[in-house]
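1. what would the 3D arrangement of this be:
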Amino acid sequence: MSGFVMMFFQDPSVLCFQRRLQETTQRNNLSTVFGIKSIPKDTQMRDVLDPIPTEELEDIFPAFLNNLQRGQQLSQYRLLLGKYLVAIDGSEYFSSDKINCPQCLKTESAKGDIRYHHQILQAVIIHPDLRQVLPLLPEPIQNSDGTDKQDCEMNAGKRILKKIRKAHPKLRIIITADDLYSKQPFIDALKNEDMSFILTAKPSDHKILFEWVEELTAMGGGNHLEVMDMKGRRHKYHWVNDVPLNGTKNAEQVNFFQYWIIDGEKTTYHNSWVTDLAVDRNNVIMLVRGGRARWKIENETFNTLKNQGYHIEHNYGHGKQHLSMNFFVLNLLAFYIHQILELCDLAYQRCRGKFSSRKEFWNQLRCTFRIILFRDYYQLLDYIFDPPTIRAP
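-> Next up is the predicted model:
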């Protein structure tokens with residue numbers, strides 16, 4: 001909980017300030033707000049967290065999602081046919097040429113220099129119309145079991161599908177991901193877990209697929225839709241159902257669709273995808289919106305975690321076993337709770353609305369939490385929303 005509080009307030013020094021508050025008042029906010037009975041020293045906290053397997057924290061993620069489902073908050077994330085859009089992508093969160101542990105991936109340069117790093121494969125529930133994203137349990141891309149073979153994002157992708165399905169056996173899911181994943185082995189893994197998909201498919205990696213699409217279109221087999229928006233831009237949709245993913249004998253049959261934005265004579269956007277969902281005039285626009293929403297895992301998740309106060313690339317402590325991954329998960333849980341508060345907590349929304357920027361809001365929260373004792377979290381929010389008039393003598 002003490003490690004979580006550091007991530008919740010995005011403040012590595014918060015424990016130090018609460019120890020000072022404890023010394024002067026015999027009480028502290030970690031006790032009243034978070035139920036922490038004894039504030040650990042930084043070294044003690046790292047020593048305790050390092051040997052704990054990260055799997056012991058994973059049940060928290062489905063518990064949060066189940067609470068959102070019971071509170072009728074999850075239903076607004078349904079995209080098509082009552083299914084939820086889940087974006088997956090990998091990212092690096094630790095890198096060093098000196099600090100390392102047995103789980104570190106290793107990259108050797110041409111000069112023989114070794115870089116140690118940790119990567120994560122993250123899954124988040126997204127919706128094109130909603131700013132908040134809901135993280136599912138992460139999957140580390142790391143070396144394990146004493147093997148010398150490097151782990152990779154594709155292997156982690158197959159593992160995370162199994163974890164998601166085990167944690168949410170009845171959740172109807174559409175996986176969206178980049179071109180790395182629109183390959184036969186991953187689509188087979190999706191079918192095994194009873195998951196649909198919207199996967200980016202680029203011409204450079206799917207030459208046979210695009211040849212089929214071009215031939216069928218030339219023969220009049222393709223379907224088209226064009227829409228003009230208020231700014232005079234043309235939105236062009238083209239789709240072909242039931243085409244082979246590749247040129248192998250047992251190639252998966254997929255449905256293909258692509259989309260252009262044309263401003264005058266200039267194409268400002270073009271992308272293409274494959275899906276197992278039958279494409280028609282009634283759903284092609286929403287399928288495109290789902291495929292384009294994949295950017296939310298980059299912008300609303302990884303960019304926020306790296307550049308908007310969470311500092312997941314900061315080395316809070318690397319350890320020799322699980323410390324680095326445990327700190328990442330605690331940081332992700334703090335982000336998850338902030339997303340939940342933004343989504344459905346009225347007191348948080350009211351307080352946040354007083355500040356023009358997120359940075360300004362959290363600075364105020366941190367400063368107030370450091371020096372004033374509160375009985376609970378909502379008293380803290382009420383104080384920040386409507387602070388008493390207090391003047392220095």
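
2. give the rounded mean pLDDT of the longest helix that the chain contains.
-> Of all the segments assigned as helix in the chain under DSSP state H, the longest by residue count is helix 323-344. If you average the pLDDT over helix 323-344, you get 94.

3. following element in sequence after it, please.
-> Counting by DSSP states H and E, the next helix or strand C-terminal to helix 323-344 is helix 346-352.

4. so which elements touch that next one?
-> Applying 3 or more CB pairs under 8 Å, 6 or more residues apart in numbering; DSSP states H and E, we find helix 346-352 packed against helix 323-344, helix 358-371, helix 377-385. C-beta: built from backbone N, CA, C; applies to glycine.

5. before we move on, the earlier item: buried residues, the longest helix of the chain. List them.
-> The neighbour-count check on helix 323-344 (16 or more other CB atoms under 10 Å) flags 323-341, 343 as buried.

6. can you give me the strands for the stretch 151-300 of the chain?
-> All strands of the stretch 151-300 of the chain, identified by DSSP state E, counting those that start in this stretch, fall at 173-177, 196-200, 223-228, 234-244, 253-263, 266-275.

7. can I get these in TSV including distance to residue 99 and mean neighbour count?
-> Converted to TSV, those look like this (distance: least, CB to CB, whole Å; neighbours: other CB atoms under 10 Å):
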stretch	distance to residue 99	mean neighbour count
strand 173-177	31	24
strand 196-200	35	23
strand 223-228	53	12
strand 234-244	47	18
strand 253-263	44	19
strand 266-275	39	17
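
8. can you put those strands in JSON lines and add mean pLDDT and distance to residue 100?
-> Output for the strands of the stretch 151-300 of the chain, formatted as JSON lines (pLDDT from 0 to 100; distance: least, CB to CB, whole Å):
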{"stretch": "strand 173-177", "mean pLDDT": "97", "distance to residue 100": "29"}
{"stretch": "strand 196-200", "mean pLDDT": "97", "distance to residue 100": "33"}
{"stretch": "strand 223-228", "mean pLDDT": "92", "distance to residue 100": "53"}
{"stretch": "strand 234-244", "mean pLDDT": "94", "distance to residue 100": "44"}
{"stretch": "strand 253-263", "mean pLDDT": "95", "distance to residue 100": "41"}
{"stretch": "strand 266-275", "mean pLDDT": "95", "distance to residue 100": "38"}
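
9. so which of those strands gets nearest residue 54?
-> Among these, the nearest to residue 54 by CB to CB is strand 173-177 (22.6 Å).

10. distance of residue 53 from residue 322?
-> As defined by CB to CB, to the nearest Å, residue 53 lies at a distance of 6 Å from residue 322.

11. comparing these two, which residue is more hemmed in?
-> residue 322 (21 against 11; other CB atoms under 10 Å).

12. do I have it right that residue 153 meets residue 119?
-> Yes - the pair residue 153 / residue 119 is scored as a contact, 7.4 Å apart, by CB atoms under 8 Å.

13. shared neighbours of those two, anything?
-> 90, 141 (CB atoms under 8 Å, 6 or more residues apart in numbering).

14. for stretch 41-54, list every residue counted as buried.
-> 42, 45-46, 49-50, 54.

15. then stretch 10-23?
-> Here stretch 10-23 shows 10-11, 14-15, 17-18, 21-22 as buried, counting by 16+ other CB under 10 Å.

16. contact partners for residue 196?
-> Counted by CB under 8 Å, 6+ apart, residue 196 has contacts 83, 173-175, 190, 275-277.

17. I'd like those laid out as JSON lines, including distance to residue 370.
-> Putting these into JSON lines (distance: CB to CB, whole Å) gives the following:
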{"residue": "83", "distance to residue 370": "45"}
{"residue": "173", "distance to residue 370": "42"}
{"residue": "174", "distance to residue 370": "44"}
{"residue": "175", "distance to residue 370": "42"}
{"residue": "190", "distance to residue 370": "47"}
{"residue": "275", "distance to residue 370": "50"}
{"residue": "276", "distance to residue 370": "52"}
{"residue": "277", "distance to residue 370": "51"}
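
18. with respect to residue 106, which of these is nearest?
-> Proximity of those to residue 106 (CB to CB) peaks at residue 175, which lies at 29.3 Å.

19. so what sits opposite the closest one in the bridge?
-> On the basis of DSSP bridges, residue 175 is bridged to residue 86, residue 197.

20. show me the contacts for it.
-> 86-88, 161, 181, 190, 195-199.

21. for the stretch 101-250 of the chain, what are the low-confidence residue spans?
-> Low-confidence segments of the stretch 101-250 of the chain (pLDDT under 70): 144-148.

22. what about the helices in it?
-> Here the stretch 101-250 of the chain has its helices, by DSSP state H, counting those that start in this stretch, at 153-167, 184-192, 207-218.

23. in a markdown table: the ones you listed, plus distance to residue 92.
-> Formatted as a markdown table, the helices of the stretch 101-250 of the chain follow (distance: least, CB to CB, whole Å):
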| stretch | distance to residue 92 |
| --- | --- |
| helix 153-167 | 11 |
| helix 184-192 | 21 |
| helix 207-218 | 30 |
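
24. between these, which one is nearest to residue 318?
-> Using CB to CB, the nearest of the helices of the stretch 101-250 of the chain to residue 318 is helix 153-167, at 20.2 Å.
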